[in-house]
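**Q** What shape does this take:
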Amino acid sequence: MQPYGIHTVGDVPLLTDLLSELGIAYANQPVLPVWVTQTLNKDVMTHVQQGGVVVAVLPRIAPTHHTEYSVYHGSHVPFPYDIERIGTGLILKISQESLSYRADHQRNWHKVGLQDRAYALVPATSVAKDRILQFFADMLRIAFAHLNLPLVHLWFFPHKARTHFTIRVDADWYDEQEWVSTRQFLAPLGSHASWFLTCRDVARQPDVLKPLIATGVEIGSHSYYHYTFKDVANNATNIQMADHVLRTHGIDVQSFVSPSAKWNPALQQTIEQQTYLYSSEFNYAHDAYPLTPSLPRGTSASLQVPVHPVCPINFSKFPNQSSEGIHAYYRVVARSLYDRGLPLHLYGHPSDLPLLEGSGLLEDILSWPHLSVSTLREYASWWKMRLKPLTLSYERSADATVRFATEGSLDSSHSFALSTKPYEVILKDGSSFEWSPASAPTYTLTANFPSSFVFEPIHRSLNLRSKIGEWLDFEYIVPAADYKATTLKTGVNKILKKIHRIGV
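**A** Model (predicted):
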């Protein structure tokens, strides 16, 4: 049999991150059939001239093709690429800029909803990060098709499921009736919801956690004070105070969600220091598969597990919203994520999730076939196993059938996805499996949200005072006594807190 997979030419961390997320076999082994590179050096060009196939990510390209889908939500900016044939060899050229969008974490405001039905105001990244992985996969699919092979990678969900479903609850404060109502609303999920607690109220009322712990749901950190800082020292203090509160209740804290879903490199550095399994911030990514955030000095060891960035309270920002319109929005979004084969991770708060009571949303989703249901923590743990190195080999038969075999042990929940066309996937189990050009797809996925779905950027201007406060990273939440002054900016903030007697 012949080795199957990707040969990585040189040190290409961005590409190996994408290959790991895709779940494809790769190594620094020139015998592998497709090469990926960030330079067209002599060895690469010789490989192409000998009939080899290369995917090259370059600073500049002269594009001859563009994708039908966009880099951004709400505006059409397609991915460019170029195809160059040299004899029987092939070079697929990708712009380095296209993949660099993966690191974007700019917080933009958007009008999100259904045309003429319901609209919400949402802060989130504008970059469609699921499309970056899709684009890279499409380029690899073209590369392997040139060799009459399918693209083979690990599927994104356990047990051949079409999607993974759960609900994330961000409890920014404690209100007994809100928490009770939310637990009642989430009852169809059983123990498969993920709660994240802002711990200031919990520390003051230690008994409030007992009913929640008894449900068996995941409980993670939402910080002690509901604020995300731009420096490591204050993020670390805020997070460590929360973890202390949760651990005094016997909770093994492995997950974190930042207040206001903000993300920045200083926060990620703190998350790394706390060795969380994952975090979830839709200012970094939403409606996408789990990914490893990019950092100035490499890749994070903690996963980012995205959710859908809209919660019910977001609809209050626009007038004349009906509960029927809001319920219709969630039904459309849930079905679209399911049809697209993307994670169906919804989110809200104890103050707004009960607004979906009576919609039948949870019961409807849970009746869909091929659904994996668990907490975000369980899904993140499964994904971590999926990231382990993979070795594949293949051999062809006279009838064009290709047989694949794996080396090493794979959990029985994992399956392989084989595809030669976008949006069509064949799923195979076991350590060996076959593929032929006539194989029927297990799932035919849809490409986009329906045309009625709205995701439009909105420009919101700040006054001078707000701009200064944003630059200083000043807030009125954290008492001066708990605030760390380690830089000039944080020193100014501490002085201002004392002047305003914050926390006194």
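**Q** got the contact list for Asp287?
**A** Contacts for Asp287 were tallied using CB atoms under 8 Å, 6 or more residues apart in numbering; they are 128, 130, 306-309, 337, 342-343. Every residue, glycine included, has its C-beta placed from N, CA and C.
**Q** export those to TSV and tack on distance to Gly190 and pLDDT?
**A** Formatted as TSV, those follow (distance: CB to CB, whole Å; pLDDT from 0 to 100):
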residue	distance to Gly190	pLDDT
Ala128	32	93
Asp130	28	95
Pro306	23	98
Val307	19	98
His308	21	98
Pro309	25	97
Leu337	21	98
Leu342	23	98
Pro343	19	98
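**Q** Separate out the buried members of the residues you listed.
**A** 128, 130, 306-309, 337, 342-343 (16 or more other CB atoms under 10 Å).
**Q** taking these one by one, which sit in strands?
**A** Judged by DSSP state E, strands contain none of the buried ones among the contacts of Asp287.
**Q** Next, the residues that contact the helix or strand containing His345 from outside, please.
**A** Under the criterion of DSSP states H and E, His345 resides in strand 344-348. Contacts to strand 344-348, defined as CB under 8 Å, 6+ apart, come from residues 163-170, 305-313, 330, 333-334, 337-338, 356, 365, 376.
**Q** Neighbouring strands of it in the sheet, and parallel or not?
**A** strand 163-171 (parallel) (DSSP bridges).
**Q** what distance separates the helix or strand following the partner strand from the centre of its chain?
**A** Following strand 163-171 in sequence order, the next helix or strand is helix 176-185 (DSSP H and E). Using CA atoms, centre = their mean, to the nearest Å, the mean C-alpha position of helix 176-185 is found 28 Å from that of the whole chain.
**Q** what's the answer for stretch 309-316, then?
**A** That offset, for stretch 309-316, works out to 19 Å (CA atoms, centre = their mean).
**Q** Would you mind listing the buried residues in that stretch?
**A** If you call a residue buried by 16+ other CB under 10 Å, then stretch 309-316 has these buried ones: 309-312, 314-315.
**Q** Which one of those residues is nearest to Arg102?
**A** Taking CB to CB as the measure, Arg102 lies nearest Pro309 of the buried residues of stretch 309-316, at 17.4 Å.
**Q** if I pick that closest one, what's in contact with it?
**A** The contact partners of Pro309, by CB under 8 Å, 6+ apart, come to 112, 122-124, 261, 282, 286-287, 347.
**Q** swap in Ser294?
**A** Applying CB under 8 Å, 6+ apart, one finds that Ser294 lies in contact with 14, 17, 102-103, 300.
**Q** all strands of the stretch 301-450 of the chain, in order?
**A** Under the criterion DSSP state E, counting those that start in this stretch, strands of the stretch 301-450 of the chain are mapped to 303-304, 344-348, 371-373, 391-396, 402-407, 416-419, 424-428, 432-435, 443-444.
**Q** circling back: the strand holding His345 - what's its average pLDDT?
**A** Averaged across strand 344-348, pLDDT comes to 98.
**Q** again, but for stretch 94-104
**A** Averaging pLDDT along stretch 94-104 gives 92.
**Q** pull the CA atoms of it into CSV?
**A** Output in CSV follows, covering the C-alpha atoms of stretch 94-104 (Å, rounded to 0.1, in the frame of the first residue of the first chain):
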residue,chain,number,x,y,z
ILE,A,94,-3.6,30.4,-2.3
SER,A,95,-3.2,34.0,-1.0
GLN,A,96,-1.6,34.1,2.4
GLU,A,97,-4.1,36.9,3.3
SER,A,98,-7.0,34.5,2.8
LEU,A,99,-5.8,32.2,5.6
SER,A,100,-4.6,35.0,7.9
TYR,A,101,-8.3,36.0,8.5
ARG,A,102,-8.3,33.0,10.8
ALA,A,103,-6.5,35.1,13.5
ASP,A,104,-9.1,38.0,13.3
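**Q** buried residues in it?
**A** Those would be 94-95, 98-99, 101-102, 104, for stretch 94-104 by 16+ other CB under 10 Å.
**Q** Output those in JSON lines; the columns should cover distance to Ser75.
**A** Output for these, formatted as JSON lines (distance: CB to CB, whole Å):
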{"residue": "Ile94", "distance to Ser75": "21"}
{"residue": "Ser95", "distance to Ser75": "18"}
{"residue": "Ser98", "distance to Ser75": "15"}
{"residue": "Leu99", "distance to Ser75": "19"}
{"residue": "Tyr101", "distance to Ser75": "13"}
{"residue": "Arg102", "distance to Ser75": "18"}
{"residue": "Asp104", "distance to Ser75": "14"}
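**Q** Which of the residues you listed sits closest to Leu418?
**A** Among the buried residues of stretch 94-104, and counting by CB to CB, the member closest to Leu418 is Ile94, at 22.6 Å.
**Q** just the buried residues of stretch 94-104 now: which is nearest Phe404?
**A** Nearest member of these to Phe404, counting by CB to CB, is Ile94, at 26.1 Å.
**Q** Under a three-state scheme, what state does the residue nearest to the closest one when sequence neighbours are not counted occupy?
**A** Computed as CB to CB, 6 or more residues apart in numbering, the closest residue to Ile94 that is not its neighbour in sequence is Val57, at 4.8 Å. Here Val57 is recorded as strand under DSSP: H, G, I helix; E, B strand; the rest coil.
**Q** my read: Val332 touches Gln115, true?
**A** No: assessed by CB atoms under 8 Å, Val332 is found out of contact with Gln115, at 10.6 Å.
**Q** Touching both of those two, which residues are there?
**A** Counting by CB under 8 Å, 6+ apart, the common neighbours of Val332 and Gln115 are Ser452.
**Q** Could you pull up the residues touching the residue nearest to Pro150 when sequence neighbours are not counted?
**A** Take Pro150 and drop its neighbours on the chain: the residue closest to it by CB to CB, 6+ apart is Leu418, 4.4 Å away. When contacts are counted by CB under 8 Å, 6+ apart, Leu418 touches 150-152, 425-428, 435, 439.
**Q** just these now: which is nearest Thr67?
**A** Closest approach between these and Thr67, by CB to CB: Leu151, at 16.0 Å.
**Q** And the closest one, how far from Tyr81?
**A** The gap separating Leu151 from Tyr81 is 16 Å, by CB to CB, to the nearest Å.
**Q** go on, Thr198?
**A** Distance, Thr198 to Tyr81, using CB to CB: 44 Å.
**Q** which helices and strands sit right next to the helix or strand bottoming out on mean pLDDT in the chain?
**A** Least confident element among the helices and strands of the chain, by mean pLDDT, DSSP states H and E: strand 298-299 (a mean of 73). Applying 3 or more CB pairs under 8 Å, 6 or more residues apart in numbering; DSSP states H and E, one finds that strand 298-299 contacts helix 13-22.
**Q** Count residues in the vicinity of Thr46, would you?
**A** If you count neighbours by other CB atoms under 10 Å, Thr46 ends up with 11.
**Q** Pro206 now?
**A** 11.
**Q** now do Tyr224
**A** Neighbours of Tyr224 (other CB under 10 Å): 25.
**Q** cool, and Val333?
**A** 21.
**Q** pLDDT at it, what is it?
**A** The model reports Val333 with a pLDDT of 97.
**Q** Surely it touches Cys311?
**A** No: using CB under 8 Å, Val333 is not in contact with Cys311; the gap is 11.9 Å.
**Q** ok, back up a step: check whether the residue nearest to Ile94 really touches Leu40, as I assumed.
**A** No: using CB under 8 Å as the test, Val57 is too far from Leu40 to be in contact (10.6 Å).
**Q** sorry, back to before: need the residues that contact the least confident helix or strand of the chain.
**A** Applying CB under 8 Å, 6+ apart, the external contacts of strand 298-299 come out as 13, 17, 292-293.
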